[in-house]
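Asker: All I have is the shape, not the residue letters:
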């Protein structure tokens, strides 16, 4: 055996290696088989659990499934409305801030003039009916019962000791309250055409007053003996929050936001479009025209500039092609006029803040707005504006970014087209630079010129004079040229048109989207 192993040592080595490998493979197969068996047992256990769960609880019935689907659909619709409310609701951020302020447990620190009409007035007492019974008339009045101690629920909304009150309202809740009040107060017209009643201003004032009284009304958890104290505290807190609301909306418009105007804008933020009589609308337009003349809000027009050019441009921006400065607007134009003025002023402010030098023209494509997809009942109106301006590329870039970020203030702009036109001098300079780095120049031999090649070049470039004498041409030394897109080029990355100091002309077509589906009226 020993001799056999010595003579066949290679064979023995191969057999030993084969044996070891076989043992390893057998062990590997056995371990994998154990893993597979354990996995099968786990699957059987999971299947048993699923069957036990299914047998313990029956699947939802068709009726239950329909209810769940309906609830999910309603939730999705509400979420969509919340998103759409960012479309053309400029006063909504101030409204949400007001709701947050009145729900705050802390006292508002607003050093602002308060609306004198927002003062808690005692609820009108119902006079007792006169009685013919002398005994009843001479009866002694019973002493009022002592107020009960405030409960924890009452203290959660009103603390009688400190007078602090919490008014918790959701946006949709106020919208519903206003819609119900509008149905009670508004007088429907039987005429087919849109007519603005002479009482529209008093109607809006009445709506605000009724809504205000509902907001400050004491809830059931407040003891009746303290309901009047609650109203006074609630009115004081609402007045301070409303002063902040008024200040916020004043920052959005050149119009003087008086108490009356603030009431109307508050209703507008809740979905009741602002409306005024035609004569009042004419005064509204004329007053804003004067405001623009005396401000520098429009890029390129200085405050107090009474030159013909400036006044003519302001008149063109304000009145445009749709309004006659001398005539009253028709009734159907009042609400679109107010909306267009809101859009224009926002565009003016964004251009001014972005550093636009001159607004040369502004053309409103569709004054009344057009619905998307040619659907006359569509929920979204689209207003198109064509803006021609002169500014640096940096300012235009800032303005475009401002339009993109406008949704943060509940305005949505969609840029449809942008066209740039550079000044003539910039075009000449850019064209010269491009030609200098054209393909023909880049094909110049980059090899250094030797003395021999220079002499040959001079001889080949010799020119004849008028008298027939030949003069040697000057030898031109050609340096290597690279393509303008080559990083080795010294001019690579250089801005050719529209530098920080260079002014370019830009035409932007922008659409403003306005969501009207959840308005209280169909306007």
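Answerer: Cool, got the structure. None of the values given here were measured: they were computed from a predicted structure. Numbering: from 1, shown residues only.

Asker: Can you tell me which residue is spatially central in this protein?
Answerer: Per CA atoms, centre = their mean, the C-alpha nearest to the average position across the chain is that of residue 407, at 1.1 Å.

Asker: Tell me the confidence at it?
Answerer: We have a pLDDT of 91 for residue 407.

Asker: So it: helix, strand or coil?
Answerer: Classification of residue 407 using DSSP: H, G, I helix; E, B strand; the rest coil returns helix.

Asker: OK, contacts around it?
Answerer: For residue 407, the contacting residues are residue 86, by CB atoms under 8 Å, 6 or more residues apart in numbering. The way it works is simple: take the backbone N, C-alpha and C, and place the C-beta from them, glycine included.

Asker: so how far is residue 345 from it?
Answerer: 18 Å (CB to CB, to the nearest Å).

Asker: I'd like the distance between the residue nearest to the centre of the chain and residue 90.
Answerer: Taking CB to CB as the measure, residue 407 falls 12 Å from residue 90.

Asker: just residue 378 next, same as before
Answerer: 21 Å.

Asker: Check residue 16 too.
Answerer: Using CB to CB, one obtains 88 Å as the distance from residue 16 to residue 90.

Asker: Who has more neighbours out of the two?
Answerer: When neighbours are counted by other CB atoms under 10 Å, residue 16 and residue 90 differ, and residue 90 comes out ahead with 21 against 10.

Asker: For residue 386, which three-state class applies?
Answerer: When classified by three-state DSSP, residue 386 comes out as strand.

Asker: Next up, the contacts around the residue nearest to residue 96 when sequence neighbours are not counted.
Answerer: Nearest non-adjacent residue to residue 96, counting by CB to CB, 6 or more residues apart in numbering: residue 171, 6.8 Å away. Residue 171 makes contact with 95, 96, 99, 270, according to CB under 8 Å, 6+ apart.

Asker: does the last one really touch residue 173, like I thought?
Answerer: Spelled out, it's residue 270. No: if you go by CB atoms under 8 Å, residue 270 and residue 173 don't touch, sitting 10.4 Å apart.

Asker: of these two, who's got more company?
Answerer: Legend: neighbour count by other CB under 10 Å for residue 270 and residue 173, higher for residue 270 (25 against 12).

Asker: For that one, give its distance to residue 252.
Answerer: 16 Å.

Asker: and if you look at residue 174?
Answerer: From residue 174 to residue 252 the distance is 20 Å (CB to CB).

Asker: picking that back up, shared neighbours, residue 270 and residue 173?
Answerer: What both residue 270 and residue 173 touch, as defined by CB under 8 Å, 6+ apart, is an empty set.

Asker: Isn't residue 311 up against residue 294?
Answerer: No: the criterion here is CB under 8 Å, and residue 311 misses it with residue 294 at 11.4 Å.

Asker: Quick check on the contacts of residue 171: which are buried?
Answerer: 95, 99, 270 (16 or more other CB atoms under 10 Å).

Asker: host element of the first one?
Answerer: Read that as residue 95. Residue 95 is part of helix 92-102, with elements assigned from DSSP states H and E.

Asker: who does that helix touch, helix- and strand-wise?
Answerer: Here helix 92-102 touches helix 171-185, helix 227-250, helix 259-269, going by 3 or more CB pairs under 8 Å, 6 or more residues apart in numbering; DSSP states H and E.

Asker: residues in contact with that helix?
Answerer: Contacts with helix 92-102, where a contact means CB under 8 Å, 6+ apart, come from 85, 108, 166-171, 174, 215, 237-238, 240-242, 244-245, 248-249, 266, 269-270, 409-410.

Asker: from the middle of its chain, how far away would it be?
Answerer: What separates the centre of helix 92-102 from the centre of its chain is 16 Å, taken as CA atoms, centre = their mean, to the nearest Å.

Asker: Likewise for stretch 316-324?
Answerer: 27 Å.

Asker: mean confidence score for it?
Answerer: Here stretch 316-324 scores 81 as its mean pLDDT.

Asker: Next: stretch 502-517.
Answerer: 88.

Asker: How about stretch 216-229?
Answerer: For stretch 216-229, mean pLDDT rounds to 84.

Asker: For that stretch, which residues meet the burial criterion?
Answerer: 216, 218, 222, 223, 226, 227, 229.

Asker: ok, now stretch 246-265?
Answerer: Buried, per 16+ other CB under 10 Å, within stretch 246-265: 246, 248-250, 252-255, 257, 261-265.

Asker: ditto for stretch 332-349
Answerer: 333-349.

Asker: Among those residues, which ones are in helices?
Answerer: Under the assignment DSSP state H, the buried residues of stretch 332-349 contribute 334-349 to helices.

Asker: and stretch 403-419, how far out from the chain's middle?
Answerer: 8 Å.

Asker: My error: substitute stretch 339-352 in the last question.
Answerer: In terms of CA atoms, centre = their mean, the centre of stretch 339-352 is set 14 Å apart from its chain centre.

Asker: Which residues does that stretch contact?
Answerer: Taking contacts as CB under 8 Å, 6+ apart, the residues outside stretch 339-352 that touch it are 88, 90, 252-254, 273, 285, 288, 296-299, 317-318, 359, 362, 364, 367, 369, 383, 385, 387, 389, 399, 402-403, 406, 411, 510, 512, 514.

Asker: Would you list the buried entries among those residues?
Answerer: 88, 90, 252-254, 273, 285, 288, 298-299, 317-318, 359, 362, 364, 367, 369, 383, 385, 387, 389, 399, 402-403, 406, 411, 510, 512, 514.

Asker: so of these, which ones are in helices?
Answerer: 285, 288, 317, 318, 399, 402, 403.

Asker: quick one, what contacts the first one?
Answerer: In this structure, residue 285 makes contact with 318, 319, 323, 329, 337, 341, judged by CB under 8 Å, 6+ apart.

Asker: Please work out the average pLDDT along the top helix by length along the chain.
Answerer: Longest helix in the chain, counting residues (DSSP H): helix 9-56. Across helix 9-56, the average pLDDT comes to 86.

Asker: Report all helices and strands that it contacts.
Answerer: Secondary elements touching helix 9-56 (3+ CB pairs under 8 Å, 6+ apart): none.
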